[in-house]
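sequence plus predicted model, see below.
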Amino acid sequence: MSIVAKIAKGVSHRSFAGRAIRLPLRMMPNNVVVPVLGGFNRGMRWLTGAGTTSGCWLGTYEEDHFQALGKIVQPGMVAFDLGANAGFYTLALSRLVGDSGRVFAFEPDARCVYLLRRHIDLNKLRNVTIVQAAVSDSIGLVAFNGWELMQSSEYVVPSVSLDEFIGAGNPRPDFVKMDIEGAEVTALKGARNLLTNARTTWLMAPHSEELTVSCKTTFTQNGYRLRALDCVSDAPDAGDFMALAIGAKD
């Protein structure tokens, strides 16, 4: 990890020192191609301003999540990135599954898809397929406000269910990362066949305690073991967690 990344990692962004350290990073103009300075994506190319934080190119973004990925995702696997955004997880999954694996990145937002495509091209990735659609319980059109699915909106995007996507001839995933801004329950309803087989490991990022409880219930009813991001200790009552497939190593 670079010196800059180490310093930023070691100082809270809420402190005066943390804000001072990160000020030059926030002043960096957007759309500048920079190398990722640390983490699983170290050395890969990234556009400043893409994603939700400068931690994406510093390599400090969600480090605990990426440690979990390293324990689960292996070369040759098929991985689904649900809610790919600008592609930070997609890049990591592409590297982890290697040339013999495949990554399908699902993202409905047009701007995010543009950035996702740029990052795939900048890094010359050949094992990633973009699916420009929201993951839901059926194929169709759903209302979208540019961030989350809505009951109604002037902006609609295509939707797809995982069962229908796989049923169309696409490979079944070995690993799924799901961070889709509150639509997790609906997406799991569209993955009943996939869940029944309990052979896929999931990294879940529900956005409320209620969603966490509902998702956990769905997984336990289908034979999954719930774990925290370390893949060993019990899953938290609220927050991100792993749903380990039958046969997956703790």
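Received it, and whenever you're ready, just let me know what you need.

going forward, measure contacts and count neighbours with C-alpha atoms only.
Noted.

what ranges do the helices span in this protein?
Using DSSP state H, the helices found in the chain span residues 3-10, 16-26, 55-58, 63-72, 88-97, 110-122, 162-167, 184-189, 192-197, 209-221.

touching, residue 229 and residue 64? I think so.
Yes: if you go by CA atoms under 8 Å, residue 229 and residue 64 touch, sitting 6.8 Å apart.

more neighbours, those two?
The neighbour count for residue 229 versus residue 64, taken as other CA atoms under 10 Å, is higher for residue 229 (23 against 11).

list the contacts of that one.
64-65, 67-68, 235, 240-242 (CA atoms under 8 Å, 6 or more residues apart in numbering).

re earlier: out of the helices of the chain, nearest to residue 134?
Closest to residue 134 of the helices of the chain is helix 184-189 (CA to CA; 9.0 Å).

low-confidence stretches in this structure?
1-27, 52, 147, 152-153, 198, 246-250 (pLDDT under 70).

now do 50
1-21 (pLDDT under 50).

you'd agree residue 235 is up against residue 225?
No: applying CA under 8 Å, one finds residue 235 not in contact with residue 225, separated by 9.2 Å.

name the nearest residue to residue 241, ignoring sequence neighbours.
Excluding the flanking residues, the one nearest residue 241 by CA to CA, 6 or more residues apart in numbering is residue 228, at 4.9 Å.

may I see the helices of the chain organised as a markdown table, with distance to residue 156 added?
A markdown table is the format used below for the helices of the chain (distance: least, CA to CA, whole Å):
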| stretch | distance to residue 156 |
| --- | --- |
| helix 3-10 | 39 |
| helix 16-26 | 32 |
| helix 55-58 | 29 |
| helix 63-72 | 31 |
| helix 88-97 | 24 |
| helix 110-122 | 11 |
| helix 162-167 | 19 |
| helix 184-189 | 17 |
| helix 192-197 | 25 |
| helix 209-221 | 24 |
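
for residue 144, find the nearest of the ones you listed.
helix 110-122 (11.2 Å).
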